[in-house]
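> here is the input, now give the coordinates:
(chains A and B)
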Amino acid sequence: MPAKASPVAVAAGTRRQLPWARTVFWLYVATLMLPLLWMFGMSIRPNEDILGSFALIPQRVTFENYQTFFTDPVWYSSYLNSIIYTSMNAVLSLIVALPAAYAFSRFRFAGDRFLFFWLLTNRMAPPAVFLLPFFQIYQSVGLFDTHLGVAIAHMLFNVPLAVWILEGFMSGIPREIDETAAIDGYSLPRFFVRIFLPMIRSGIGVTLFFCFMFSWVELLIARTITSVNAKPIAATMTRTVSAAGVDWGLLAAAGVLTIIPGAIVIWFVRNYVAKGFALGRV
Amino acid sequence: MTGERLNDVSGDVSGDVSSDVSDVSGEVSTAGATVAGDRVEPEAPVGAAVPRDEPGGQVDTKPRNNRAWFLVLPVVVSVAFTAVIPLMTVVNFSVQDIFSPTDRIFVGLDWFRAVTRDPEVHAAFVRTLLFSAQVLLLEIPLGVAIAVAMPRRGLGVPVALVLVALPLLIPWNVVGTIWQIFARGDIGLGGWTVNNVLGVNFNYTLDSTDAWITVLIMDVWHWTPLVALLAYAGLRSIPEPYFQAAQIDAASGWATFRHIQLPRLRGVLTIAILLRFMDSFMIYTEPFVVTGGGPGNATSFLSILLSKIAVGQFDLGPAGAFSLLYFLTVQIVSYVFFTVLTRTGR
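Next up is the predicted model:
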């Protein structure tokens, strides 16, 4: 049962940390940030400085790389592509997963356990397995190189995950609520939208966050089923590297920009993040 | 408590913060553990954090209703389109020799035999398994340690959570790019430091050991935060009376961790180990960007080899057979992990 977060539980553990634990922790965070800061540092230097001499602090600061990014349509349109299909995927996965998660958390039905496990096994499929068939299928049904196509393809791993997370949060809500609502004359759809959904708000936020995250970081499938119109930013980055030599500054600038959407999203769900990572099961 | 007692507390007082009355702790601890158990049991059953074997968890009381299938239908349809049809296509590939879309012959299990005997596949399999093992051995203890040290209160909490989670939100190829830059001897801080400050000759594009270390460190950097956040969520769910009991017993920091915190982490750590195994065993994008599988075959993991066969050489038959065996391996190992982790110590 996902435990109701009791106030005592939240306060637990504050006193018992070793005195140097804090210091070690923030040292770890600093180490964690080092490669990121280094990339940021490279993104604001001209290319001659990057290759010419090794310097901890940029000698000359320039925003040229960012300017190139936002003026070249290949770069900024693929950035938009990624944001579009990622958002579509998050919404679609949520809509599909909500009723299913409710069914799993509230009813027994023929083959329910089997179905639940089968859903989870899709999370275990190496994406490389699906590359060729995806290419063929999406081309034959006209979804190749469309935002919707990528959004649907990413449902492969996001729908099972969404069902799993939502089921955890829903099972934390006592079933008496459903029964009381039924006695009060609520139909199932009306109860679901008016009463139940607001109660699992945090679960929905966490689910959207995870779907966004896994769709945003995925490259292999997105690259395979797109060519121009829906090409993800990640693919633009790899292709530019191989084509025109390595423009390290521009690459670093693009890298920095790909971190921003994730950072914004995570700030909004920061209070649920820890529980969300435990898939609603703590 | 999973039947263990706090008996060995007295022998282990290093790092004791709460008290220095170590000489009595041995006797009191057993009673303390019982107190904790009695007091907490009704509201928070021990093992509540363990993931349930079945959806819902209250199987006996749930009403039977087959109309629930209508609610599950959208998921079944969408997963059928994204998973079942492609998988059937792969099965179709794996039993045929395909020369062109119109010219193909049925070859039965020949490709499966060929793949299981291919020394290149064997080498990649061993390499991937070794990588997964190293990833688990490094990331799980490190993640738990970070979770224990993470702030629990105040402004530090959201800042810590966001910063720790940040690597998880970076597109995988950008993670590759970051480390491709960072580990380079000429323009990267990491590689430069190792070469010029530590004086060790380090070049991940030429030396296989250096390439392996780079990929491993990159994975630890990238994914330890996931383990840490999971463990952190698990730690926060431990009810306060457990700690009060430990304090009465004058349990040392280590004993508190070993006998109170660690057992309660079983559930989240099961999730962590499963996720980390699956993802490290399927790793593709990051090493592909950093090393491209090289130098030589040093970091050519199963997925890199597979996509070389499938997309590079366009050998559909062997690629199909390879894919199915790969998928099956991930499932079997995951199932074994899951069974072992949820059954032992109950």
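> helix/strand/coil for residue B:99?
Secondary structure, DSSP: H, G, I helix; E, B strand; the rest coil: residue B:99 is strand.
> how many residues are close by it?
Residue B:99 has 10 neighbours, counted by other Cβ atoms under 10 Å in any protein chain shown. Every C-beta, even on glycine, is put in place using the N, C-alpha and C of the backbone.
> longest helix in the chain, by residue count?
All of this refers to chain A. As assigned by DSSP state H, the longest helix anywhere in chain A is helix A:73-106.
> other chain: chain B
Max-length helix for chain B by DSSP H is helix B:119-149.
> before we move on, back to that, what's the distance between whatever helix or strand comes next after the longest helix of chain A and the middle of its chain?
As assigned by DSSP states H and E, the chain's next helix or strand after helix A:73-106 is helix A:112-121. Here helix A:112-121 shows a centroid-to-chain-centroid distance of 22 Å under the convention Cα atoms, centre = their mean, to the nearest Å.
> okay, helix A:112-121 in CSV with CA atoms only?
Output of helix A:112-121 as CSV, limited to C-alpha atoms (Å, rounded to 0.1, in the frame of the first residue of the first chain):
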residue,chain,number,x,y,z
ASP,A,112,-5.7,-9.3,-15.2
ARG,A,113,-2.4,-10.4,-13.7
PHE,A,114,-1.2,-11.8,-16.9
LEU,A,115,-2.0,-8.6,-18.7
PHE,A,116,-0.2,-6.5,-16.1
PHE,A,117,3.0,-8.5,-16.3
TRP,A,118,2.8,-8.6,-20.1
LEU,A,119,2.5,-4.8,-20.1
LEU,A,120,5.6,-4.5,-18.0
THR,A,121,7.7,-6.8,-20.2
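> what's in contact with it?
Helix A:112-121 is contacted from outside by A:103-104, A:159-160, A:163-164, B:54-55, B:68, B:72, B:75-76, B:79, B:331, using Cβ atoms under 8 Å, 6 or more residues apart in numbering or on different chains.
> so which of those comes closest to residue A:196?
residue A:103 (12.7 Å; Cβ to Cβ).
> which ones are touching the closest one?
Contacts of residue A:103 were listed using Cβ under 8 Å, 6+ apart, and they are A:109, A:112, B:68-69, B:71-72.
> farthest pair within the residues you listed?
Maximum pairwise distance in the contacts of residue A:103, criterion Cβ to Cβ, is 10.9 Å, between A:112 and B:71.
> tell me the residue of chain B that sits nearest chain A?
The nearest approach of chain B to chain A comes at residue B:169, 2.8 Å away (Cβ to the nearest Cβ).
> please tell me how far that residue sits from residue B:280.
Using Cβ to Cβ, to the nearest Å, residue B:169 is found at 19 Å from residue B:280.
> what segments of the stretch 151-300 of chain B are helices?
For the stretch 151-300 of chain B, the helices defined by DSSP state H, counting those that start in this stretch cover B:156-165, B:172-182, B:189-192, B:208-236, B:240-248, B:253-256, B:262-264, B:266-281, B:285-290.
> out of those helices, nearest to residue B:143?
Nearest of the helices of the stretch 151-300 of chain B (Cβ to Cβ): helix B:208-236, 2.6 Å.
> packing partners for that closest one?
Using 3 or more Cβ pairs under 8 Å, 6 or more residues apart in numbering or on different chains; DSSP states H and E, the elements in contact with helix B:208-236 are helix A:21-43, helix A:273-277, helix B:119-149, helix B:156-165, helix B:172-182, helix B:266-281, helix B:285-290.
> which positions within the longest one qualify as buried?
Taking 16 or more other Cβ atoms under 10 Å in any protein chain shown as the basis for neighbour counts, the residues of helix B:119-149 that come out buried are B:121, B:124-125, B:127-129, B:131-132, B:135-136, B:138-140, B:143-149.
> now residue A:170. Nearest residue, chain neighbours left out?
residue A:105 (4.0 Å; Cβ to Cβ, 6 or more residues apart in numbering or on different chains).
> give me the number of residues near residue B:77?
For residue B:77, the neighbour count with other Cβ under 10 Å is 11.
> confirm it sits in a helix?
Yes. Assigned with three-state DSSP, residue B:77 falls within a helix.
> confidence score at it?
pLDDT, residue B:77: 90.
> same check, this time on residue A:97
Per the predicted model, pLDDT is 94 at residue A:97.
> so what's residue B:183 up against?
Per Cβ under 8 Å, 6+ apart, neighbours of residue B:183: B:190-191, B:202, B:204, B:214, B:217-218, B:290.
> skip the chain neighbours and tell me the closest residue to residue A:236.
Spatial nearest neighbour of residue A:236, chain neighbours left out: residue A:78 (4.2 Å); criterion: Cβ to Cβ, 6+ apart.
> so stretch A:31-39, near chain B or not?
Yes. Legend: contact between stretch A:31-39 and chain B by Cβ under 8 Å from any Cβ of the partner chain is shown at A:32-36, A:38-39.
> just name the closest of those residues to residue A:212, please.
Of these, the one sitting nearest to residue A:212 (Cβ to Cβ) turns out to be residue A:36, at 19.6 Å.
> now do the contacts for that closest one.
Per Cβ under 8 Å, 6+ apart, neighbours of residue A:36: A:259, B:166-167, B:178.
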